[in-house]
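1. following is a predicted model, sequence given first.
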Amino acid sequence: MSEVHSTCCYCGVGCGVIIDRRDGRITGVRGDPKHPANFGKLCSKGQTLHETVGGHGRALFPELRLNRNAPRARVSWDAALDHVAEKFADTIKKYGPDSVAFYISGQLLTEDYYAFNKLARALVGTNNVDSNSRLCMSSAVAGYKATLGADAPPTCYEDIDHADCIVIAGSNAAWAHPVLFRRIEDAKTKNPDLKIIVIDPRRTATAEIADLHLAIQPGTDVVLFHGMLNALLWENLTNTAYIEAHTQGYDALKTLVREYSPGFAAEVCGITTEELLTAARWFGTARAALSLYCMGLNQSASGADKNAALINLHLATGHIGRPGAGPFSLTGQPNAMGGRETGAMANLLIGHRDINDGADRAEVAKLWDVPSIPSHPGKTAVEMFAAIARGEIKAVWIACTNPAQSLPGQNAVRAALMTAELVVLQETYADTETAPYADVLLPAAGWGEKEGTVTNSERRISRVRAAVDAPGEALPDWRIVCDFAMLLERKLHGRASARFAFDNPRQIFNEYREMTRGRNTDITGLGYATLDAKGPQQWPYAIGAREGKKRLYENGVFPISGGRARFAAVPYKPVAENIDARFPFRLNTGRLRDQWHGMTRSGRVARLWGHAPEPAATLNPADLVRRGLVAGDIVRLESRRGALNVIAAANPGVAPGQVFLPMHWGSRYLSGAGINALTLPVIDPKSFQPELKHCAIKVSKALLPWRLIAFGTPRDGDALAQLARVQAWLPEFEFASCALTPDAGGVLLRAAASSAPAADVLAAIHALFELDSEDVLRYADPTRGNTRCVRVDGERVVAVCLSGDGSSESWLREFHAQGLPAAALGSLLLAPSAKAPSGATSRGRIICSCHGVGETAIVAALQGAAGDATARLGSAQQQLLCGTQCGSCLPELRKLAAAAVSAA
């Protein structure tokens with residue numbers, strides 16, 4: 001066995017990992033104790049990366065179809081790329097360079113990003129190259145540029161250790177950035193006086209650590225920040241010396257915020273005046289105040305203003321450019337930062353240059369040895385697919401992202417993909433929601449299979465190293481782009497230059513590095529050799545530097561003419577789509593603890609399903625009662641754009657009048673077009689980021705009386721292959737969802753309909769779960785539409801299907817999950833009873849995914865222990881090991897421990 005040092009490919013924390021490999025296979029992964037982003041810690045997702053590499057669903061060979069109604073067929077790389085180059089060349093010659101577009105991903109490495117950017121702008125001659133980072137980080141980019149002059153987070157992770165006030169705004173960091181949250185927890189333990197303010201409409205796992213939770217109404221962040229600044233002004237808590245020496249535009253902002261008195265702001269936000277004043281005083285009197293923020297601010301039609309309004313607080317108090325202080329945007333993807341640095345977004349240029357600046361365009365054109373760079377910005381993500389729908393963009397190349405799941409207004413997005421004359425998909429997995437729309441599928445190397453670099457949230461560049469070869473004929477992304485570019489150049493210009501003649505990613509990095517010379521992102525002193533010798537480094541890292549800069553703007557000089565930061569006098573704008581009598585609920589989207597984005601990768605790992613085993617929409621218990629609903633009912637969520645049927649769940653942490661629905665659920669796991677059939681494609685005019693976080697919906701009970709639940713472990717043990725077969729049946733039902741079962745290595749299907757389906761449909765479901773053999777226990781009552789099938793192998797229940805009456809579901813699932821002895825029960829397994837015949841005790845919800853520990857055992861251990869909450873938790877951890885590995889479950893464990901003390 002040998003090991004390779006690389007990085008995780010989930011969130012933007014950029015954790016270092018050590019990959020174990022043997023005989024050409026990745027066999028395990030663990031945190032790198034020397035990596036400064038995580039010091040050996042990994043979250044539940046990072047610890048299971050090795051389980052995502054192989055198996056069913058990988059894209060292995062190029063595929064092509066010439067007819068939209070025909071399936072794709074395997075072809076050679078030469079045939080696939082030549083076909084695409086011919087189509088792109090013809091389209092460009094006939095309709096111009098803006099008739100094609102590239103939609104790429106924060107999953108790409110920096111070298112891949114650079115290759116795509118150069119392909120679009122230097123060869124094709126279009127700025128139609130945008131990244132899915134548009135959906136998560138572009139408002140942060142716009143906010144930084146509007147106030148500080150450049151898209152450069154001025155902070156570092158170490159600042160968490162030095163702050164005495166931390167504001168976490170619009171981020172459930174405990175679930176979305178769990179390794180970073182462990183650092184916040186450690187800082188609070190070391191310094192109990194550290195004040196933590198959490199700003200979030202929901203009471204999340206992150207809010208459990210808060211000294212002050214501001215449960216504001218969705219979209220009111222600007223009002224809150226202006227109200228806090230008003231209070232700081234009245235109580236003389238601003239830093240007048242810093243404002244006078246290092247900023248501009250203060251008078252205009254001061255005039256604006258006079259209208260946002262604490263009382264007015266608190267009323268709009270739905271909090272008390274005292275809560276707002278407390279937040280302002282803690283921030284203003286802190287020695288060092290740090291803010292951490294994410295999608296709650298960014299994914300808004302006024303996201304850039306929300307970012308800027310928060311940064312105003314830092315400038316007004318001087319909380320920037322020193323240890324423990326500054327505005328810190330947390331990135332959602334492993335290399336969203338690298339994409340921003342390489343200019344791989346439609347309104348940016350490489351090295352933080354401006355697409356609207358003629359001198360910047362001329363400089364890039366000179367460095368690339370091309371006549372010019374197009375002067376008009378390209379189409380951003382939402383605009384791009386609208387242009388495809390209108391027929392303006394004829395051909396689109398999609399790389400390592402899944403727009404048929406992640407973009408808002410899914411019905412319109414999918415119609416656009418059907419309208420496009422050519423859809424090229426460059427992807428690691430062939431089973432995404434976007435894959436059926438692809439005319440050409442190009443298999444790309446995935447995590448653990450390619451070389452390059454990534455940049456994390458704190459501007460730290462890390463090496464990514466391949467541990468194994470990519471399977472089949474999959475190639476690294478940069479290689480695919482460069483091979484295509486040379487073909488396209490011949491077809492457009494009759495010859496191929498050396499512009500894309502790269503032999504390895506090191507050469508691409510070196511060319512990109514030169515284009516940062518003299519910029520705020522200058523890394524001319526950094527190369528693969530330095531990264532290999534010294535480990536990950538922060539930018540800027542110019543020639544002659546011995547290390548990168550931890551913090552920016554320590555001297556109070558900003559990359560703006562005159563060197564002064566700008567206050568942003570931005571007025572409050574309400575949400576883009578407010579509630580009304582017809583759509584009275586606010587939909588709030590977000591993340592689950594153990595899943596990531598569209599679940600293309602994380603959804604392949606069974607144990608990551610334990611904490612949230614099925615798609616569900618969460619409401620306040622009082623809202624369920626008012627509508628005559630109970631947890632477990634199927635509800636219909638409807639917006640002005642689409643509708644979705646989903647299971648209802650209850651949680652008092654969701655405010656009345658709001659619904660929380662995780663962003664992950666697409667049509668691979670839920671019938672219909674997924675969560676984004678509901679969401680709103682309205683974009684921020686400054687950042688072009690859509691308001692994915694909020695829309696108005698109505699909630700009603702789905703009148704679907706016929707129910708089915710099926711679960712089982714396939715005989716061949718290939719749960720991913722069985723899952724794919726089950727997914728094909730989701731569209732056949734008015735409601736259906738599917739999932740992997742974490743303990744039994746199987747698959748679950750839940751369905752509902754207004755009436756019982758035809759007998760052949762039920763027979764097909766039985767066959768899917770291998771319940772069509774003679775050794776199956778059966779019961780059927782056709783007059784009532786009830787059937788029950790159970791298959792036992794040895795002592796274990798291995799497959800079940802209940803239709804009509806599903807009252808015995810819960811205990812049969814426990815028999816299946818826990819492998820409880822069942823053979824002696826015989827026909828009792830068919831009993832239509834909610835009570836188990838014997839021997840089944842529910843484990844409850846899985847709290848600890850690493851060790852598969854359920855809530856029942858944890859509560860029992862906590863109640864059986866003595867002492868305060870900390871002592872009881874320590875006892876439970878020693879007994880059950882829960883919370884001793886990745887730590888992602890610690891916020892919930894602490895909450896349960898506190899409840900046990902209260903009960904005692």
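-> Sure, I can see it.
2. the residue lying closest to Arg134 once chain neighbours are set aside and Tyr103, how far apart?
-> Take Arg134 and drop its neighbours on the chain: the residue closest to it by C-beta to C-beta, 6 or more residues apart in numbering is Ala381, 4.1 Å away. Just so you know, the C-beta spots here come from the backbone N, C-alpha and C atoms, and that holds for glycine as well. Taken as C-beta to C-beta, to the nearest Å, the spacing of Ala381 relative to Tyr103 amounts to 7 Å.
3. give the intersection of the neighbour lists for these two.
-> Common contacts of Ala381 and Tyr103, defined by C-beta atoms under 8 Å, 6 or more residues apart in numbering, comprise 130-132, 403.
4. just the ones of those in strands?
-> 130-131 (DSSP state E).
5. closest one to Pro652 out of the shared contacts of Ala381 and Tyr103, please.
-> Relative to Pro652, the closest of the shared contacts of Ala381 and Tyr103 is Asn132; by C-beta to C-beta it sits at 33.7 Å.
6. how about the closest one, nearest residue that isn't a chain neighbour?
-> The spatially closest residue to Asn132, leaving aside those adjacent along the chain, is Thr401, at 4.4 Å (C-beta to C-beta, 6+ apart).
7. quick one: secondary structure of the one you found?
-> Of the three states, Thr401 takes coil under DSSP: H, G, I helix; E, B strand; the rest coil.
8. so it sits against Gln107, correct?
-> Yes - taking C-beta atoms under 8 Å as the definition, Thr401 is a contact partner of Gln107 at 7.0 Å.
9. any weak-confidence spans in this protein?
-> For the chain, applying pLDDT under 70 flags the ranges 839.
10. residue nearest the centroid of it?
-> His597 (3.6 Å; C-alpha atoms, centre = their mean).
11. which SSE is Ile18 in?
-> In this assignment (DSSP states H and E), Ile18 forms part of strand 16-22.
12. mind listing the strands that strand pairs with, and their directions?
-> The pairing partners recorded for strand 16-22 under DSSP bridges are strand 2-7 (antiparallel), strand 25-31 (antiparallel).
13. quick one, strands of the stretch 401-550 of the chain?
-> Applying DSSP state E, counting those that start in this stretch to the stretch 401-550 of the chain gives strands spanning 422-427, 440-443, 452-455, 460-464, 537-538.
14. quick one: closest of those strands to Cys11.
-> That would be, of the strands of the stretch 401-550 of the chain and by C-beta to C-beta, strand 452-455, which comes in at 11.7 Å.
15. who does the closest one pair up with?
-> Each strand that pairs with strand 452-455, with its direction, by DSSP bridges: strand 460-464 (antiparallel).
16. got the residue ranges for the strands in the stretch 701-850 of the chain?
-> Taking DSSP E, counting those that start in this stretch to define them, one finds strands in the stretch 701-850 of the chain at 706-712, 735-741, 746-753, 776-781, 786-793, 796-803, 846-848.
17. can you map out the strands along the stretch 551-700 of the chain?
-> Under DSSP E, counting those that start in this stretch, the stretch 551-700 of the chain gives strands at 565-566, 585-590, 616-619, 634-638, 643-650, 658-662, 694-701.
18. what packs against the shortest one?
-> Spelled out, that is strand 565-566. For strand 565-566, the packing partners by 3 or more C-beta pairs under 8 Å, 6 or more residues apart in numbering; DSSP states H and E come out as helix 138-148, strand 247-248.
19. need the contact partners of it.
-> 146-149, 246-249, 315, 320, 553, 558, 560.
20. looking at those residues, spot the one nearest Val570.
-> Comparing every one of these with Val570 (C-beta to C-beta), the shortest separation belongs to Ala146, at 8.5 Å.
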